[in-house]
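Asker: Kindly return the folded structure for what I paste below:
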Amino acid sequence: MRTPWLLRSLIALVALAPLPLGGNRSLPAALLALGAALLLSLWAISVLRGAALAISPARLRWPLICFALTCVWILVQWLPLGFGDPLWQIAADETGKALPARLSVNPDETLSALMRLLTYGAVFWLSLQSARHPHHAEVGLKAVAAIGAAYAVYGLAIFLSGNNWLLIYPKWAYPASLTSTFVNRNSYASFAGLCLLAAAALLLARIRHTLSLNWPLRRRVARLVEQLILQSGWLTAAFLVSLTALMLTGSRAGIASSAAGLICLALFFLRGRAIGARSLAALLVAVALIGGLAYALGAQTLKQRYDAPDLVEASGHMRLEGLSFALSAIASAPLTGTGYGTFTDVITAYRTISIPSLIQWDKAHNTYLENAVELGIPAAATLNLAILLLALRCLSGVFTRQRGWLLPATGIAATLLVALHALVDFSLQIPAVAILYAFLMGLAVAQSWRQEQSAEQS
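Answerer: Numbers count the residues shown, from 1 in each chain. Purely as a prediction, here's the structure:
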C-alpha cells in the first residue's frame, strides 16, 4: 500500500528535527514550526477540497479543548492588557516611556514558546490523521526505529572516534557522554529511549505468535533466532544500536525512564497472553543477555559519574535549590504565571548566593514546576490534562482492541517515559524530543479505535 504524502512529509520533519542541536535554537525551531505549519495548511486545503477526515475532532474533544484553552491563555499572557507584572511599571518609570503592562515579563519569549507548542500540536494532529490505517501506522513506527538507529550510529561513530565534535562544532559539554546531535545527554537519552520503544514494539509484534506456539523449546528458540536475525535483522540491529547509544549517554534518569517504558510495554505484551513457562524463561534469558551487554557497554560511562561523589552531590544540591526557586516563583503568581517561556528571565530574582553566579540556571529540571511558573497552576494543569487524556485514550485502546493494541500500548509507554523524565529534567522541552513524542502519540491514538468504527463517529 502506498504511503500517503502527509505521512512521508511528517517522517521527514521528525528525521530532521534533531539537526542541529536537537532543534533547540531559535532558527531550527522556527524552521520546524514553518514546516509543520506548511503541512497543516496543505492538509487543510485537501480537506476543504473534499478529502475525508480520518479522525473526527469530536472524538478528542476534551484533549483538544484543554490544549486550545492553554494556547488561548498564553495569548492572553502576551497581550498588552494594561495590567500584569509590576516590572512593566518599573520599566516605564526607568525609561520614561509608556509601556503597556502584560502578564508576561518577556512577550517575545512567550510568543516563541507558543510557536513551539503549536508546532508539537500540529505534528500530533497530522500524525493522527495520516495513521488511521494500520499499515500507515506501522510505517510510521518503522520510521521512528530507523531514525533512532541512524542518530545512534552517528553518535557511536563520534563517541568512538574521540567524542570531540558535535556536528560541525567542537564539543563543549559532556565530553565523556554520547549525545549524538544533541548538546545535553539527558535530552538525547529521551530521544533514544523513544526510538528504542518503537523498535521494541515492532520486534514484539514479530515474535508474539512464535512465543505462543506449543513447540519444543529448541524449535521455538531456533524460530526466534530466525525471526530476530534473518527476518527482522534491521529491527534487531536498530534496537541494539539504540540501546547501546542510550547506555553510553550515562544519563541515569534517561536510562531509568526508558527502562520503565520498556517494562510497561512488556507488561502490556504479556497481559492475558498464554505463554509457556519455557518460552517465558527463554524470553527472560534473552532480555537479560541484551540488558547485560548494554550495561557492559555503558558501565564505564555510568561509573565515571558515580566515582565523582562531590560532583554528584553538588549537582543534586543545585537541583534542589532550583526546585526551591521554582516554588517561590510559583507562589508569587500562582494563577497567572509569569509568561510561557519566561523561566530564564524570572528565576534570576530568586537565586541565592548558594548557586555560583557563573552557572546559568535556565531550566527548573522539572517540567511540571517550570510550566506552573510560566503558565500559572490552572493553565499548567490544563496542558498536562490534555496529555493525560490522550494516554487514557490509548489505554482504552489497549483493552478494547483484540488486534492492533500494541501501538496504543507504545503510546502509553512513551508517555510514561517522558513523564518520569520530566520530573527531574527538561528533555520534553527540547523540540526534537517533543516532536518525536507528538508523532508517536499521533500514531498511537489513531490506532486506539477499532477499524470498523466510522471516522465521523463521535
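Asker: use CA for all of it now, contacts and neighbours both
Answerer: OK.
Asker: Quick check: buried residues in stretch 153-164?
Answerer: Neighbour counts over stretch 153-164 (16 or more other Cα atoms under 10 Å) mark 153-156, 158-159, 163-164 as buried.
Asker: Below-threshold pLDDT in the stretch 51-200 of the chain: ranges please.
Answerer: 87, 89-94, 98 (pLDDT under 70).
Asker: And what about the residue lying closest to Asp85 once chain neighbours are set aside, helix, strand or coil?
Answerer: Excluding its sequence neighbours, the residue lying closest to Asp85 (Cα to Cα, 6 or more residues apart in numbering) is Leu103, at 5.4 Å. Secondary structure, DSSP: H, G, I helix; E, B strand; the rest coil: Leu103 is coil.
Asker: residues touching Leu103, list them.
Answerer: 76-79, 83-85, 336-339 (Cα atoms under 8 Å, 6 or more residues apart in numbering).
Asker: hang on, the earlier thing: let me have the buried residues of stretch 153-164 in CSV, adding secondary structure and distance to His421 as columns.
Answerer: Putting those into CSV (DSSP: H, G, I helix; E, B strand; the rest coil; distance: Cα to Cα, whole Å) gives the following:
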residue, secondary structure, distance to His421
Val153, helix, 23
Tyr154, helix, 24
Gly155, helix, 21
Leu156, helix, 23
Ile158, helix, 25
Phe159, helix, 24
Asn163, coil, 25
Asn164, coil, 27
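Asker: Looking at these, which is nearest Ser427?
Answerer: Gly155 (17.6 Å; Cα to Cα).
Asker: Now do the phi/psi pair for Met115.
Answerer: The phi/psi pair for Met115 (degrees, to the nearest 10) reads phi -60, psi -40.
Asker: That one is in contact with Ala33, isn't it?
Answerer: Yes. Counting by Cα atoms under 8 Å, Ala33 is a contact partner of Met115 at 6.7 Å.
Asker: which stretches of this protein form strands?
Answerer: Here the chain has its strands, by DSSP state E, at 165-166, 169-170.
Asker: Can you list the helices and strands that the last one packs against?
Answerer: Other elements packing on strand 169-170 under the criterion 3 or more Cα pairs under 8 Å, 6 or more residues apart in numbering; DSSP states H and E are absent; no helix or strand qualifies.
Asker: average pLDDT for stretch 417-425?
Answerer: For stretch 417-425, the mean per-residue pLDDT is 95.
Asker: From one end of it to the other, what's the distance?
Answerer: 12 Å (Cα to Cα, to the nearest Å).
Asker: Contact partners for Asp362?
Answerer: Counting by Cα under 8 Å, 6+ apart, Asp362 has contacts 343-344, 347.
Asker: try 6 Å this time
Answerer: Listed by Cα atoms under 6 Å, 6 or more residues apart in numbering, the contact partners of Asp362 are Thr344.
Asker: related to what we said a few turns ago, filter the contacts of Leu103 to the buried ones?
Answerer: 76-79, 84-85, 336-339.
Asker: With respect to Ala446, which of these is nearest?
Answerer: Ala446 lies nearest to Val76 out of these, by Cα to Cα, at 31.7 Å.
Asker: distance from the centroid: which residue in the protein tops it?
Answerer: Most distant residue from the mean C-alpha position of the chain: Gly96, 44.8 Å away (Cα atoms, centre = their mean).
Asker: Done for today, thanks.
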